[in-house]
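Enquirer: the following comprises the amino acid sequence and a computationally predicted model.
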Amino acid sequence: MRRSLAELRYAARQPLARAGAWASAASAVAMLAALAAWWPVHRDAAVLEERVAAKRRALADARHADELAAAYAKASREVASLEKKLAYAATQSQLVQDFARLARRHGVKIVSETYEEARGPQPSLGAELTVQGDYPALRDFVRELSALPTWSEVQEVRLESAQGSASQRGRIRIVTYRQAPAGTEKPS
């Protein structure tokens, strides 16, 4: 240990070593001054970033809440619409008339149609229509089936092109749901 101290005292006598020590001390003071100037700015920037992130989260939460409220309102309207459609007790003859009216409106020809009654917890009437028309007319016909006063869902659509003609021929399978009889409802 004495030897190390002696070597340090000897090195301190050298002019280059003294200049290096003063330069190290000056650079340490400069670094401390830079740190003292940088630290508050860095802390303020971090606080500001935190505030921005909190505002973004609040905005995203508000947007999500608005989307959720809109989805709930839409679902509520659609449930009311489905209940109204379910209460509409459509007979087979009414469905035939509704499908024919819709086909005429879109320029679609119904070539044949078959109906099958299904019983169960949710009674339904299955229909298979063989239709003919150009593709846009068939597309609009299928799209507007949901606008009927009944709860009718398209189960399957098969289209085939007629050779040498712009018209399409296809089969559309539709299920129309009806309201369950009062005695078959499940208790909640």
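Expert: In hand now; what should we look at?
Enquirer: what's around V111, how many residues?
Expert: For V111, the neighbour count with other CB atoms under 10 Å is 12. C-beta here means a position set from N, CA and C on the backbone, and glycine is covered the same way.
Enquirer: likewise for S112?
Expert: With neighbours defined by other CB under 10 Å, the count for S112 comes to 9.
Enquirer: what's the spacing between it and Y177?
Expert: With the distance defined as CB to CB, to the nearest Å, S112 ends up 23 Å from Y177.
Enquirer: that's a helix at G164, yeah?
Expert: No: using DSSP: H, G, I helix; E, B strand; the rest coil, the assignment for G164 is coil, not a helix.
Enquirer: outline the domain layout of the protein.
Expert: Taking automatic domain parsing as the domain assignment, the ranges for the chain are 1-87, 89-182.
Enquirer: so what's A87 closest to, chain neighbours aside?
Expert: Leaving out its chain neighbours, the residue that sits closest to A87 by CB to CB, 6 or more residues apart in numbering is Q179, at 5.7 Å.
Enquirer: burial count for the one you found?
Expert: A count of neighbours around Q179, defined by other CB under 10 Å, yields 15.
Enquirer: show me the contacts for it.
Expert: Taking CB atoms under 8 Å, 6 or more residues apart in numbering as the criterion, Q179 is in contact with L86, A87, A89, P123.
Enquirer: quick check: the gap between it and Y88.
Expert: Noted for Q179: a distance of 8 Å to Y88, by CB to CB.
Enquirer: among the domains of the chain, which gets the worst mean confidence?
Expert: Ranked by mean pLDDT, the domains of the chain bottom out at domain 89-182, which scores a mean of 86.
Enquirer: which helix of the protein spans the most residues?
Expert: In the chain, with assignment by DSSP state H, the single longest helix is helix 15-87.
Enquirer: what packs against that one?
Expert: Packed against helix 15-87, as judged by 3 or more CB pairs under 8 Å, 6 or more residues apart in numbering; DSSP states H and E, are the following elements: helix 2-12, strand 151-161.
Enquirer: the same query, at a cut-off of 6 Å, please.
Expert: Contact analysis of helix 15-87 by 3 or more CB pairs under 6 Å, 6 or more residues apart in numbering; DSSP states H and E lists strand 151-161 as its packing neighbours.
Enquirer: what strands flank the strand it packs on, and is each parallel or antiparallel?
Expert: strand 167-177 (antiparallel) (DSSP bridges).
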